[in-house]
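Sequence and predicted structure, then a few things I'm wondering about:
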Amino acid sequence: MTTHPTHPFEGQKPGTSGLRKKTPVFMQPGYLENFVQSTFDAIGGVQGKTLVLGGDGRYFGLEAAQVILKMAAAGGAARMIVGQGAWLSTPAASNLIRKRKADGGVILSASHNPGGPKEDFGVKYNMGNGGPAPEAVTEAIFARTKDITRFEKLETPDVNLTAIGESHLGAMVVEVVDPVSDYADMMEEIFDFKALRGLFHEGFAMRMDSMCAVTGPYAVEIFENRLGAAKGTVVHETPLPDFGGMHPDPNPTWAHELMDEMMGADAPDFGAASDGDGDRNMIVGRGIYVSPSDSLAVIAANAHLVPGYGAGLKGVARSMPTSAAVDRVAAALGIECFETPTGWKFFGNLMDAGLVQLCGEESFGTGSDHVREKDGLWAVLMWLNIIAARGMGVAEIMADHWARFGRNYYSRHDYEALPTDLANAMLGDLRDRLDSLKGTQVQGLVVQSADEFCYTDPVDGSVSAHQGFRILFEGGSRVVLRLSGTGTEGATLRVYLERYAPGPEGLGEEPQEALAPIIAATEDLVGIRARSGRPGPDVIT
């Protein structure tokens, strides 16, 4: 073991999913080591512990894995379970932590952000339940980064991570495992693979876009090898350090090849995409895009058709910005629906306490209590199982759902890389006016209430304040504004727009047209375009 003197780096504050910065920042001498040592210190050290390690294969991931292994060995860890090639999708890592009863895990990913020498990198710590570190831990990590004076790292050659098996790094066991098999086996336990094989055998056509990211090998194994989908069903299936120059974010803007195919004359029956680390998903039918909020609601309404959820759901949860579509399903099912801040870590307590089984976020994240992360391929398999059980296509399922529950028109507008001072000033001005907005008439709408969301965890009583601004209009429409914690430069302002149509009329409008009054009212109330000089949002989903 070698102890290296060091000094703090500014700004090593974990966001909603760990620390994310530009890759060159992480590659500075001592930068990664400082954050990892701070993490180890904040969890009480790693002496005698078993940890899981892996990531999405992005640039610098393999080198970072070697650093972390040497630091864990220096800290006295007993065993590190590593995905072959330092690969593990985020949900697969969560599963492995839980299955092997590990003490926690380190995940190397910047999720849906681009990868490459000048792009993004990230590190996050997951707890023994398989879920992201809660705020108490991330705050302790950040506090440690501000006064760190040394890090410990074994001086030894790199470990061979290409071959499955065990080796030693000092006294620590390094166990290299197949990153795919345990996860694929778990999916086979949850879903009706026999029915899904029958679906593909009957000629059901699917396109799965893995966006040159980590889910490629998982998707090929599950869809093509185990379920019998035609070879070539999975495209962009080879993970690349720079994601082939793609932005691995599964939304209509960045997964445009899939959208073009699914909206074309020769579209397959079903389309899906996943992101950099495999925890997000996009669902598309022939000629129809399914919003993440609608996807969550449909899965909740039909979960009983899937073997793993045949007894029905205990409860559901959604992030506050996610539309209230799933609330209406929960009410019909007679189960509780929890509203939490953004960040999957907030669902962990609810799942561990047995209060919910299904969770979702509008940012293309859906999952259940099978792991403690959102899970892109799980969501795709949920849809396929529902399609097989109901014998209906995506468009039919959506039409049936809206006829029963009404439609929550919904869209997210992202203003990316805004000057941080400007973004904070806009929201600060809104905060000062919240109490006076009630009763305000704007664009034919009347403000019913306005507040800044504050969450009290029903399990441990912890309080999370300043979690986004809500402006509710009479009739069920609303707008939510919050700054994202997943970017690496400037500030990303996310604006969430929602309008409820109970039906039977008005269920077939184009979402942006249906939301036009909400969009105009938001500009009148906040002045995003006027104050930023932007002609409009950078991304619309």
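Arrived safely.

tell me the phi and psi of R412?
phi -120, psi 130 (degrees, to the nearest 10).

Thought E498 was touching it, still the case?
No - under the criterion of C-beta atoms under 8 Å, R412 makes no contact with E498, lying 9.9 Å away. In this view, the C-beta of every residue, glycine as well, is placed from N, C-alpha and C.

Name the residues linked to T3 by a beta bridge.
The bridge-partner assignment for T3, based on DSSP bridges, gives E152.

From what I see, it and T149 are in contact.
No - between T3 and T149 there is no contact, the gap being 9.8 Å when judged by C-beta under 8 Å.

Can you pull out the low-pLDDT segments for the protein?
For the chain, residues meeting the criterion pLDDT under 70 lie at 1, 485-489.

Kindly report the domain assignment for it.
Following automatic domain parsing, the chain resolves into domains at 2-179, 183-405, 407-540.

Adding mean neighbour count as columns, could you present those in JSON lines?
Converted to JSON lines, the domains of the chain look like this (neighbours: other C-beta atoms under 10 Å):
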{"stretch": "domain 2-179", "mean neighbour count": "20"}
{"stretch": "domain 183-405", "mean neighbour count": "21"}
{"stretch": "domain 407-540", "mean neighbour count": "17"}
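
V495 sits in which helix or strand?
For V495, the enclosing helix or strand under DSSP states H and E is strand 491-501.

on contacts alone, who are the packing partners of whatever helix or strand comes next after that strand?
Sequence-wise, the next helix or strand downstream of strand 491-501 (DSSP H and E) is helix 511-514. Using 3 or more C-beta pairs under 8 Å, 6 or more residues apart in numbering; DSSP states H and E as the contact test, the elements touching helix 511-514 are strand 407-418.

Could you list which residues are in contact with P517?
Residues counted as contacts of P517 (C-beta atoms under 8 Å, 6 or more residues apart in numbering) are Q443, G444, L445, S477, R499.

likewise A42?
V137, A140, I141, A143, R144.

out of these, which one sits closest to N129?
Compare each of the contacts of A42 with N129 using C-beta to C-beta and the shortest gap goes to V137, at 12.0 Å.

any idea how far that closest one lies from L53?
In this structure, V137 lies at 18 Å from L53, with C-beta to C-beta, to the nearest Å as the measure.

can you check A332 too?
As judged by C-beta to C-beta, A332 and L53 stand 43 Å apart.

ok, A317 - contacts?
The contact partners of A317, taken as C-beta under 8 Å, 6+ apart, are C337, F338, E339, T340, F347, L350, L355, V356, L358, C359, G360.

Just list whatever residues bridge to it.
A317 has the following beta-bridge partners by DSSP bridges: F338, C359.

Can you verify T366 is assigned to a strand?
Yes - according to DSSP: H, G, I helix; E, B strand; the rest coil, the state of T366 is that of a strand.

Okay, and the beta partners of it?
What pairs with T366, by the bridge criterion (DSSP bridges), is G360.

Please verify my assumption that it contacts L296.
Yes - under the contact definition of C-beta under 8 Å, T366 touches L296, with a separation of 5.6 Å.

Quick check: neighbours shared by the two?
Common neighbours of T366 and L296, using C-beta under 8 Å, 6+ apart, are L358, G360.

gap between C359 and K101?
C359 is 23 Å from K101, where distance means C-beta to C-beta.

how far does stretch 42-58 sit from the chain's center?
Remark: stretch 42-58 is offset 20 Å from the chain centroid, using C-alpha atoms, centre = their mean, to the nearest Å.

Check the gap between K21 and V539 for me.
Applying C-beta to C-beta to K21 and V539 gives a distance of 21 Å.

Would you map the helices across the stretch 251-400 of the chain?
Under the criterion DSSP state H, counting those that start in this stretch, helices of the stretch 251-400 of the chain are mapped to 256-262, 292-302, 325-333, 345-352, 376-390, 394-405.

Likewise for the stretch 101-250 of the chain?
Counting by DSSP H, counting those that start in this stretch, the segments of the stretch 101-250 of the chain that form helices are 135-145, 181-190, 193-201, 215-219.

G406 - how many residues pack around it?
Neighbour count for G406, taken as other C-beta atoms under 10 Å: 17.

sorry, back to before: relative to R529, which of the helices of the stretch 101-250 of the chain is closest?
Proximity of the helices of the stretch 101-250 of the chain to R529 was assessed by C-beta to C-beta; the nearest stretch is helix 135-145, lying at 33.2 Å.

now the closest one against helix 345-352, angle please.
Here helix 135-145 runs at 140 degrees with respect to helix 345-352, directions being taken by axes from the mean of the first three to the mean of the last three C-alpha atoms, to 10 degrees.

Could I have the CA atoms of helix 135-145 written out in CSV?
C-alpha atoms of helix 135-145 as CSV (Å, rounded to 0.1, in the frame of the first residue of the first chain):
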residue,chain,number,x,y,z
GLU,A,135,-28.4,12.0,0.2
ALA,A,136,-26.8,11.4,3.6
VAL,A,137,-24.0,9.4,2.0
THR,A,138,-23.5,11.7,-1.0
GLU,A,139,-23.4,14.7,1.3
ALA,A,140,-20.7,12.9,3.4
ILE,A,141,-18.8,12.1,0.2
PHE,A,142,-18.9,15.8,-0.8
ALA,A,143,-17.8,16.9,2.7
ARG,A,144,-14.8,14.6,2.6
THR,A,145,-13.7,15.9,-0.8
